[in-house]
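K.L.:
Prediction below, plus the sequence it came from.
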Amino acid sequence: MSQICSDDDAAIGGIIRKVGAEFGAVGEGFGPGDAEVSAMSRHYLPEDGSCYLVAKLNGHVVGGGGIAPFNSDKGICELRKLFLLPESRGYGIGRSLLEQCLDFAVLTGYSACYLDSLRSMETAIKLYERFGFQRLDAPMEGTPHNRCDVWMLKSLLANND
């Protein structure tokens, strides 16, 4: 896994759109429809409290996942756009991406991590639950992904692990 660079933008943008379409996340109100998808490397900078990690398999970009501040709340981050191509699933890449994203979030000083997803992404949701994410009854106020139907939050404070 490595921090995204501009050379990865086209591949990651294509993967996010392709996998989003696979699960019905197309258009406004879903992560793959965000403007940042076309140039992810410009929007995920560690100095801004964000990162986007790229996963490669046999030298080819197969997916990625990121952390960014959630709205203007400095204490809460959001897990964003963790997507893997079908042929790269089952190798532990998603788990590794999630681990590294959460490690970054803790080191950056976030106290909690939010995410929104879709019920159809069953495998991803099970992974999030294994990592301690708890389901919420409604989205957190301010999420632009108003068409998602699963919302989760994880405390990143050491005494709540």
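P.N.:
It's in.
K.L.:
quick one: low-confidence parts of this protein?
P.N.:
Applying pLDDT under 70 to the chain picks out residues 159-161.
K.L.:
Looking at it, which helix is longest?
P.N.:
helix 93-108 (DSSP state H).
K.L.:
Which neighbouring elements make contact with that one?
P.N.:
strand 51-57, strand 60-70, strand 73-84, helix 122-130 (3 or more CB pairs under 8 Å, 6 or more residues apart in numbering; DSSP states H and E). All C-beta atoms are positioned from the backbone trio N, CA, C, and that covers glycine.
K.L.:
Ok, which of the ones you listed comes nearest residue 22?
P.N.:
strand 73-84 (9.1 Å; CB to CB).
K.L.:
In CSV, list the C-alpha atoms belonging to that closest one.
P.N.:
Below are the C-alpha coordinates for strand 73-84, written out as CSV (Å, rounded to 0.1, in the frame of the first residue of the first chain):
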residue,chain,number,x,y,z
ASP,A,73,-15.4,18.3,13.0
LYS,A,74,-11.7,18.0,13.7
GLY,A,75,-12.2,15.0,15.9
ILE,A,76,-14.1,12.8,13.5
CYS,A,77,-12.7,11.3,10.3
GLU,A,78,-14.5,9.4,7.5
LEU,A,79,-13.4,6.2,5.9
ARG,A,80,-13.8,7.0,2.2
LYS,A,81,-13.9,5.1,-1.1
LEU,A,82,-12.5,1.7,0.0
PHE,A,83,-13.1,-0.1,-3.2
LEU,A,84,-11.4,-3.2,-4.7
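K.L.:
Now tell me what touches that strand from outside.
P.N.:
The contact list for strand 73-84, computed with CB atoms under 8 Å, 6 or more residues apart in numbering, reads 15-16, 19-20, 31-32, 37, 40, 49-50, 52, 55, 62-70, 93-94, 97-98, 101-102, 105, 108, 110-115, 124, 128, 140.
K.L.:
make it 6 Å
P.N.:
15-16, 19, 31, 63, 65-70, 93-94, 97, 101, 105, 110-115 (CB atoms under 6 Å, 6 or more residues apart in numbering).
K.L.:
What of stretch 5-12?
P.N.:
Here stretch 5-12 makes contact (CB under 6 Å, 6+ apart) with 39, 40, 41, 54, 61, 64.
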